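In: Provided below are the primary sequence and the corresponding predicted coordinates.
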Amino acid sequence: MAEVEDRIELKFRIYDGTDIGHSTYASSTSIATLKQRLVAEWPQDKTVIPKSVNDIKLIHAGKILENSKTLAESTILFGDLSGGIITMIVVVQPPVVKKKSEKNQEEIAKQTSCGCVIL
């Protein structure tokens, strides 16, 4: 007889309190797969929109979930809430692009420009 895989009902709450991605997921579903689905289903009328999976952090029980783990490996409690729905928090945090400050740019310009004086 085939073993029945654990399934869990999840919904994801974004920054403004809206819930998205409400569905039942297999315990073997990876966190990266959940994030891909959230990026695809993200409401386009929001002010902050993730561009990729790396822009999203999923939080459950105070822990940031790792992309490489499955729901089961992330110790999402199955069966504790019979018929209940687990809500995960979604934080959009685009990767920080290191920008050079204006002061650093001025110093670079001074180093690359000629400072010769002809008398």
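Out: Thanks, I have it. Residues are numbered from 1 along each chain as shown.

In: Can you name the residues that contact the residue most central in space within the chain?
Out: Centroid-nearest residue in the chain, with C-alpha atoms, centre = their mean: I56, separated by 1.4 Å. By C-beta atoms under 8 Å, 6 or more residues apart in numbering, the residues touching I56 are K35, L38, V39, P50, V90, V91, V92, Q93. C-betas here are computed from N, CA, C, even on glycine.

In: Please list only the buried members of these.
Out: Buried members of the contacts of I56, counted by 16 or more other C-beta atoms under 10 Å: K35, L38, V39, P50, V90, V92.

In: pLDDT at the residue nearest to the centre of the chain, what is it?
Out: If you check I56, the pLDDT there is 93.

In: what's the answer for V117, then?
Out: For V117, the model assigns a pLDDT of 71.

In: got it, and E5?
Out: The per-residue confidence score, pLDDT, reads 67 for E5.

In: same question, E107
Out: For E107, the model assigns a pLDDT of 65.

In: what does L71 give?
Out: In this prediction L71 is given a pLDDT of 88.

In: for this structure, which spans come out with low pLDDT?
Out: In the prediction, the chain carries residues with pLDDT under 70 at positions 1-5, 76-83, 95-116.

In: now the helices for it?
Out: Remark: helices assigned in the chain by DSSP state H are 31-41, 102-112.

In: in stretch 34-44, what's buried?
Out: By neighbour count on 16+ other C-beta under 10 Å, the buried set for stretch 34-44 is L34, K35, R37, L38, V39, W42.
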